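Colleague: no letters, just coordinates:
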């Protein structure tokens, strides 16, 4: 009897598929319109990097200071075994997509022979004054397939013109030299620190010119500061983005440093922010930013917590891994990063959502006028997903997505499995080229009695949201978008099991 029913079902599905094949095909539905401010192509590419490596390196590496005085002798900088290829290999094996180097910190010492400064590697005894860290690192990045970025502090505790109008011209020349001699730069990192110069003079930075020249010389560079314009500081150095995090920010009347928005605002963004300026979470693998022999890297548990609180909350993670006084990433830091990478791979290598037999949605964009919720629609869509249906949530194409009709700002997507699945991490992604929309959602599972139970309630999604839930076993999972500012556009939902991290 069961065999006959199975044969009948196969025949009926075959007939239905043939009917669908020869039936008049509906006109493709129009894609959703962008909502609010949207990212540039460079910002989308930057966000998709997810994790980059920061390298604080300079005289402070040898003096043990966090902020150098600018009076240190240039010969204090003397790495005996500098190997930027090793930095790149560590970064790449750890899963970082880019490296940002502190080309000039507050002490003013330049890791390249900056022609408008006399406080550089050129004046040092290192490599007889012929060394150039930026040249070596940019070359290593290019060869290793890792993107190259630069940190240049506007504050300069060594420059004699600091605190005068003339200094802004010097700083523009500094930027120009760094931006024209080392190839493409994916991110320009501007620190907002602004200390006093000689005789208590304070510099008034010309941010408009700094940003303008940077965009002209490096048009694809994402510019970091407290107020962007490419990406923003997250408001702390603890590795923690806001539980609610908008990629939108209001910048009118604000500036970097002392003129920045409040730390709470930087952490969460602005609900109605006029500009697309996503958060970047910068934190060090060690207690300090520069290497000290007495300090040691964070544990894998700490790094996983940082990952969930940054990448998992719609922010990019910039993890500082400082080279030591030999010019190498220390072995213990490298080992910890490999352990961290192995942990992430263990957690996210297998997406249980891809095992779903059926993926059904309450609404999707379509010009079809046939009923949406019949059994046959479910069966047929599993063989041939419709243009904006829920099946696009588990494919590998970033540009495909589930989208609802323009009037649907609440909706759900349900995953049905042949057998129970056990998970405790739920990943969601909005298709950010069309803007950030979701402001409230919850996750449900069906229990053994057939009742739906809520296991998590959250707010924003953005590029990526990873929800930490209790460990549950179920055959049905439902993501419910409770409130969206425009029609819903999600391009990924994933279910994962984390057996490593625990609060």
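Modeller: In hand now; what should we look at? Just so it is clear, the model here is predicted, and its values are computed rather than measured.

Colleague: what about residue 151, which SS state?
Modeller: strand (DSSP: H, G, I helix; E, B strand; the rest coil).

Colleague: state the distance from it to residue 366.
Modeller: Noted for residue 151: a distance of 48 Å to residue 366, by Cβ to Cβ, to the nearest Å. For every residue, glycine as well, the C-beta is placed using N, CA and C.

Colleague: contacting residues for the most centrally placed residue in the chain?
Modeller: Per Cα atoms, centre = their mean, the C-alpha nearest to the average position across the chain is that of residue 316, at 2.4 Å. Counting by Cβ atoms under 8 Å, 6 or more residues apart in numbering, residue 316 touches 46, 47, 49, 50, 51, 52, 231, 278, 279, 280, 281, 310.

Colleague: highest neighbour count among these?
Modeller: The residue in the contacts of residue 316 with the most neighbours, by other Cβ atoms under 10 Å, is residue 278 (29 neighbours).

Colleague: from residue 437, how far off is that residue?
Modeller: 15 Å.

Colleague: residue 309 too?
Modeller: For residue 309 relative to residue 437 (Cβ to Cβ), the value is 22 Å.

Colleague: where do the helices of the stretch 151-300 of the chain begin and end?
Modeller: Assigned by DSSP state H, counting those that start in this stretch, the helices in the stretch 151-300 of the chain fall at 165-180, 207-217, 263-268, 300-310.

Colleague: quick check: buried residues in the shortest one?
Modeller: Translated: helix 263-268. Within helix 263-268, the residues scored as buried using 16 or more other Cβ atoms under 10 Å are 265, 266, 267, 268.

Colleague: could you do the second one as well?
Modeller: Taking 16+ other Cβ under 10 Å as the neighbour-count basis, helix 207-217 is seen to contain the buried residues 207, 210, 211, 213, 214.

Colleague: thought the second one was touching residue 174?
Modeller: No - between residue 210 and residue 174 there is no contact, the gap being 10.1 Å when judged by Cβ atoms under 8 Å.

Colleague: least confident secondary structure element in this structure?
Modeller: helix 375-383 (a mean of 48; mean pLDDT, DSSP states H and E).

Colleague: downstream of that helix, the next helix or strand is which one?
Modeller: Downstream of helix 375-383, the first helix or strand assigned by DSSP states H and E is strand 402-403.

Colleague: show the subsequent helix or strand relative to that next one.
Modeller: Sequence order places strand 411-430 as the next helix or strand after strand 402-403, per DSSP H and E.

Colleague: taking helix 300-310 as reference, get the angle to that following strand.
Modeller: 120 degrees (axes from the mean of the first three to the mean of the last three Cα atoms, to 10 degrees).

Colleague: which neighbouring elements make contact with strand 411-430?
Modeller: strand 358-361, strand 438-446, strand 465-484, strand 489-496 (3 or more Cβ pairs under 8 Å, 6 or more residues apart in numbering; DSSP states H and E).

Colleague: list the pairing partners of it within its sheet, with orientation.
Modeller: With DSSP bridges as the test, strand 411-430 is paired with strand 358-361 (antiparallel), strand 465-484 (antiparallel), strand 489-496 (antiparallel).

Colleague: need these in JSON lines (columns: mean neighbour count and mean pLDDT).
Modeller: Output for the strands paired with strand 411-430, formatted as JSON lines (neighbours: other Cβ atoms under 10 Å; pLDDT from 0 to 100):
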{"stretch": "strand 358-361", "mean neighbour count": "21", "mean pLDDT": "96"}
{"stretch": "strand 465-484", "mean neighbour count": "18", "mean pLDDT": "98"}
{"stretch": "strand 489-496", "mean neighbour count": "23", "mean pLDDT": "98"}
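
Colleague: of all these, which one comes closest to residue 241?
Modeller: Checking the strands paired with strand 411-430 against residue 241 by Cβ to Cβ gives strand 465-484 as the closest, at 10.6 Å.

Colleague: how much space separates residue 421 from residue 461?
Modeller: 22 Å.

Colleague: more crowded one of these two?
Modeller: The neighbour comparison of residue 421 against residue 461 (other Cβ under 10 Å) goes to residue 461, with 26 against 20.
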